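> Turn this into a model:
(2 chains)
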2 protein chains.
Amino acid sequence: MAGKRTDMIVHGTEPYNAEPPRGALMQSRLTALDTFYVRNHGPIPELDPARWRLEVGGLVSGELRLSLADLRAGFAELELDATLQCAGNRREGLIAVRAIPGEAPWGPGATGTARWGGVSLADVLESAGLAEEASHIEFIGGDVSPEAQPAQRFGASIPRRKALAGEVLLAWKMNGEPLPAAHGAPLRVVVPGYIGARSVKWLQRIVARTTSSENFFQARTYRLLPADADADAGLNGTGVPLGAVAVNADILTPDEGAEVQPGPLEVGGYAFAGDDRHVIRVDVSTTGGGAWSQAELIDAPSRWAWRRWRAQVTVAPGPVEIVARAWDSAAATQPEHPAQLWNPKGYANNAWARVSVRVAG
Amino acid sequence: MAGKRTDMIVHGTEPYNAEPPRGALMQSRLTALDTFYVRNHGPIPELDPARWRLEVGGLVSGELRLSLADLRAGFAELELDATLQCAGNRREGLIAVRAIPGEAPWGPGATGTARWGGVSLADVLESAGLAEEASHIEFIGGDVSPEAQPAQRFGASIPRRKALAGEVLLAWKMNGEPLPAAHGAPLRVVVPGYIGARSVKWLQRIVARTTSSENFFQARTYRLLPADADADAGLNGTGVPLGAVAVNADILTPDEGAEVQPGPLEVGGYAFAGDDRHVIRVDVSTTGGGAWSQAELIDAPSRWAWRRWRAQVTVAPGPVEIVARAWDSAAATQPEHPAQLWNPKGYANNAWARVSVRVAG
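Numbering: from 1, shown residues only, chains lettered A, B, ... in the order given. I've put the predicted structure just below:
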């Protein structure tokens, strides 16, 4: 796809779904635009920014219809560094346990960090006069998804408390550049700390409601099911909608299957904890968790962005598995085995990161 | 101790530290006063409620000095059901991995749920005129702890955001009764979703600060250390202060080591997730996690209180280990092994719950 690096790992072309190779995410705290993963559920809609309008309705005292110029003129512009992580990030680890038909085998690259620029959703809702009884804020995008049952525009909702907390953005800038079409231009939602699916792209309508959205992608899928449920159980309302993201980490370098020299080896990766939590520590092991050493956290603590980390381990000739795990500010750490996290749609794999290398003899 | 059931498991008498037996916590959603665990760091101070005053100072525009009557008259009284959980709850599971000298071997009873009655900390801070630059709110109790270095009154602090969120109470009632002396009378803090140590008892002073408290129990202990750190490393500022509580659960019935009949067996317990999270599911296994079934959640969802659960399993003659784990609203679940969570002070064990029974042949 135009605007994306040629070595993207492409999981689908219609719609385009792709993630960067591991090492590419290690290059910088903010993920380059050409490297940022793309998770689309339908074709990219062609929206003319000059004619595009954002509608704000539902349980508000005054409906709004805003152009981009209205948003710029009417509200304080702000920037915020936030990591987005797809609910399917690291699904390949679950698929290795048991097949998950119909879902893409995302590696650790279905996440990225950008500096988002725009206005605060809370400010726009205040301007519209949000009613007391509005418990959920719904977002409707401009992309029609053929996979939805029935086919419909992509949508989502978040609780009022999150919507008003100030960190949720309506963004038209990404890393200081105009938001690319693949990432939701002219305007997208950015819900820091929540699964990527709530950060609706090509935003067209905001609706204040008493209940969560009935959109397919909020009410029927992106739900956590127990392992013994049918994969379609979410269609009947089984399971629980995903929202905040649990502590997670992966290894970005060395690459899986790499050949390395014996002796000191630098290991690097990312760690992230959603919503009100942040990463406090990352542990690395070359003994399957028998002994851990603490990684150096490269990036400063950040409310909404990942922290990259690095550690030096020593490896001897032969096959070596490198393991990593993060801890968050609630002293929560990652579970050991993806087998214990397997679920029929393959969401929210936050098992220990594992990369196998061959050390030359 | 007067006011406590005779079968409390007593970890110390000076100061008194005790937890109820497993089954006692299963009796009701709100834990009876005589059953609620007690975690004290010093002798219970004798405070005359008539002469007692709460001081509010530091970065406020107007210092306050309030009697109980002032609190009742000046602020809206409210009640809130909240679970408190000691950071050392379930430490016995860590001690089984490796000794933790000097720390009590708490079982799963260092937690309980009460209906707390009092006023909102946020209201009191607003009345005092909290300064913008006050990032932390410190609480100082009336109990002098000889174990602190140097000996000092028990204290703690919480971030401004939590202090102003509305759920933090200054409480003088517990389950509709006057707050008992062992639980902090005349007034205690209740910080829902945080480790119990932040809910300072026998409250005497609230201080608005730019930094977190330098009190021994905030700055030197109740810190999460890596497994390879010295147990005293926290004294030098190593590790990270504990705050919000990660998802946790334990089995309350049957009791550890119980003899049961073959066939259907009812299993029950609690599950809790701190701060902005709630319990969405509990799984039970009699095959060490090889297969899980979902428990029935007895208690309705609650923002700040645990959810008790029950499940029926089928057991055949011989030794059987029952395993349980909870999931929270961020799709986080509990790690499998306490060995992977061991830390030098024995805090925050949220590994899978395990109870072994003998099934008659």
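> Near chain B, which residues of chain A are found?
Within chain A, the residues that sit near chain B (C-beta under 8 Å from any C-beta of the partner chain) are A:224, A:226-228, A:240, A:242-247, A:274-277, A:280-281, A:283, A:289, A:291-294, A:327-337, A:340-341, A:347-348, A:350. (Glycine included, C-beta is placed from N, CA and C.)
> Of these, just the buried ones, PyMOL syntax please.
Selection of the buried residues among the residues of chain A next to chain B in PyMOL, burial being defined by 16 or more other C-beta atoms under 10 Å in any protein chain shown:
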select buried, chain A and resi 224+226+227+240+242+243+244+245+246+247+274+275+276+277+280+281+283+292+294+327+328+329+330+331+332+333+334+335+336+340+341+347+348+350
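> Now do the strands in the stretch 1-150 of chain A.
A:9-13, A:16-19, A:38-39, A:54-58, A:64-66, A:77-85, A:111-120, A:136-145 (DSSP state E, counting those that start in this stretch).
> ugh, typo on my part, it should be the stretch 251-361 of chain A
A:259-260, A:263-272, A:279-285, A:293-294, A:296-297, A:307-315, A:318-328, A:353-359.
> Reformat those strands as TSV; add mean pLDDT.
Below are the strands of the stretch 251-361 of chain A laid out as TSV (pLDDT from 0 to 100):
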stretch	mean pLDDT
strand A:259-260	98
strand A:263-272	98
strand A:279-285	98
strand A:293-294	97
strand A:296-297	98
strand A:307-315	98
strand A:318-328	98
strand A:353-359	98
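> out of these, deepest packed?
Most buried of those, by mean neighbour count (mean count of other C-beta atoms under 10 Å in any protein chain shown): strand A:279-285, with a mean of 23.
> Show the contacting residues for A:L47.
Contacts for A:L47 (C-beta atoms under 8 Å, 6 or more residues apart in numbering or on different chains) come out as A:G142, A:A185, A:P186, A:W202.
> Which of those fall within strands?
A:G142 (DSSP state E).
> Between the contacts of A:L47, identify the one with the most neighbours.
Within the contacts of A:L47, neighbour counts (other C-beta atoms under 10 Å in any protein chain shown) peak at A:W202, which reaches 25 neighbours.
> is it true that A:P186 touches A:A69?
No - judged on C-beta atoms under 8 Å, A:P186 makes no contact with A:A69 at a distance of 11.1 Å.
> now the helices for the stretch 51-200 of chain A?
Taking DSSP state H, counting those that start in this stretch as the test, the helices found in the stretch 51-200 of chain A are A:68-74, A:91-95, A:121-128, A:160-163.
> Please identify the deepest-packed of the ones you listed.
helix A:91-95 (a mean of 22).
> Now do it: distance to the chain's middle.
The chain centroid and the centroid of helix A:91-95 are separated by 16 Å under C-alpha atoms, centre = their mean, to the nearest Å.
> Identify the residues contacting stretch A:318-328?
Contact with stretch A:318-328 is made by A:247-251, A:254, A:267, A:269, A:271-273, A:277-286, A:288-289, A:292, A:295, A:309, A:313, A:333-334, A:352-359, A:361, B:224, B:246, as judged by C-beta under 8 Å, 6+ apart.
> re the thing from before, so which of the strands of the stretch 1-150 of chain A gets nearest B:N175?
Nearest to B:N175 among these is strand A:136-145 (33.1 Å), distances taken as C-beta to C-beta.
> What strands flank that closest one, and is each parallel or antiparallel?
When pairs are called by DSSP bridges, strand A:136-145 turns out to pair with strand A:152-159 (antiparallel), strand A:203-209 (antiparallel).
> So which bits of the first one are buried?
Taking 16+ other C-beta under 10 Å as the basis for neighbour counts, the residues of strand A:152-159 that come out buried are A:Q152, A:R153, A:F154, A:G155, A:A156, A:S157, A:I158.
> Alpha carbons of that strand, in CSV - could you do that?
Output of strand A:152-159 as CSV, limited to C-alpha atoms (Å, rounded to 0.1, in the frame of the first residue of the first chain):
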residue,chain,number,x,y,z
GLN,A,152,-22.8,-2.0,8.5
ARG,A,153,-20.5,0.9,9.2
PHE,A,154,-17.8,0.3,11.8
GLY,A,155,-18.7,1.6,15.2
ALA,A,156,-17.9,1.4,18.9
SER,A,157,-18.7,3.0,22.2
ILE,A,158,-16.9,3.9,25.5
PRO,A,159,-18.3,4.6,28.9
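> could you give the angle of it to helix A:121-128?
Orientation note: strand A:152-159 sits at an angle of 90 degrees relative to helix A:121-128 (axes from the mean of the first three to the mean of the last three C-alpha atoms, to 10 degrees).
> Report the mean per-residue pLDDT for strand A:152-159.
Mean pLDDT, strand A:152-159: 98.
> In a markdown table, list the contacts of A:L47 along with pLDDT.
Formatted as a markdown table, the contacts of A:L47 follow (pLDDT from 0 to 100):
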| residue | pLDDT |
| --- | --- |
| A:G142 | 97 |
| A:A185 | 97 |
| A:P186 | 98 |
| A:W202 | 98 |
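> Nearest to A:R51 among the contacts of A:L47?
Lowest distance from A:R51 to the contacts of A:L47 (C-beta to C-beta) belongs to A:P186, with 10.0 Å.
> Distance of that closest one relative to A:L47?
Taking C-beta to C-beta, to the nearest Å as the measure, A:P186 falls 6 Å from A:L47.
> same thing with A:G184?
Taking C-beta to C-beta, one finds A:G184 at 10 Å from A:L47.
> shared neighbours of those two, anything?
A:W202.
> Please name the nearest non-neighbouring residue to A:P45.
Residue nearest to A:P45 in three dimensions, not counting chain neighbours: A:G142, with 4.0 Å by C-beta to C-beta, 6 or more residues apart in numbering or on different chains.
> thought the one you found was touching A:R205?
No - between A:G142 and A:R205 no contact is recorded; they are 9.2 Å apart, counting by C-beta under 8 Å.
> which residues pair with the residue most central in space within chain A across the strands?
Of all residues in chain A, the one closest to the mean position by C-alpha atoms, centre = their mean is A:Q85, 1.6 Å from it. With beta bridges defined as DSSP bridges, A:Q85 has these partners: A:T111, A:I195.
> residues contacting it?
Counting by C-beta under 8 Å, 6+ apart, A:Q85 makes contact with A:A110, A:T111, A:I195, A:G196, A:V245, A:N248, A:F272, A:G274.
> Closest one to B:G117 out of the residues you listed, please.
When the contacts of A:Q85 are ranked by distance to B:G117 (C-beta to C-beta), A:G274 comes first, at 33.1 Å.
> end-to-end on stretch A:147-157?
Using C-alpha to C-alpha, to the nearest Å, one end of stretch A:147-157 lies 19 Å from the other.
> Please apply the same query to stretch A:38-48.
Stretch A:38-48 has its terminal residues 21 Å apart, counting by C-alpha to C-alpha.
> Over to stretch A:170-180?
The separation between the terminal residues of stretch A:170-180, taken as C-alpha to C-alpha, is 14 Å.
> tell me the contacts of A:G257?
A:G257 is in contact with A:S356, A:V357, A:R358, counting by C-beta under 8 Å, 6+ apart.
> picking up where we left off before, can you check which of the strands of the stretch 251-361 of chain A gets nearest to B:T6?
Comparing the strands of the stretch 251-361 of chain A by C-beta to C-beta, strand A:318-328 comes nearest, at 39.9 Å.
> Figure out how far that closest one is from the centre of its chain.
Counting by C-alpha atoms, centre = their mean, strand A:318-328 comes out at 22 Å from the chain centroid.
> Stretch A:60-73 now?
With C-alpha atoms, centre = their mean as the basis, stretch A:60-73 stands 27 Å off its chain's centre.
> For that stretch, give the mean pLDDT please.
98.
> Contacts for it, please.
Applying C-beta under 8 Å, 6+ apart, the set of residues contacting stretch A:60-73 is A:49, A:52-57, A:74, A:118-119, A:124-125, A:127-131, A:134, A:170, A:172, A:186-187, A:208.
> now swap in stretch A:117-134 and tell me
Outside stretch A:117-134, the residues that touch it by C-beta under 8 Å, 6+ apart are A:56, A:58-64, A:66, A:71, A:74-79, A:137, A:160, A:163-174, A:176, A:187, A:189-190, A:206, A:208-210.
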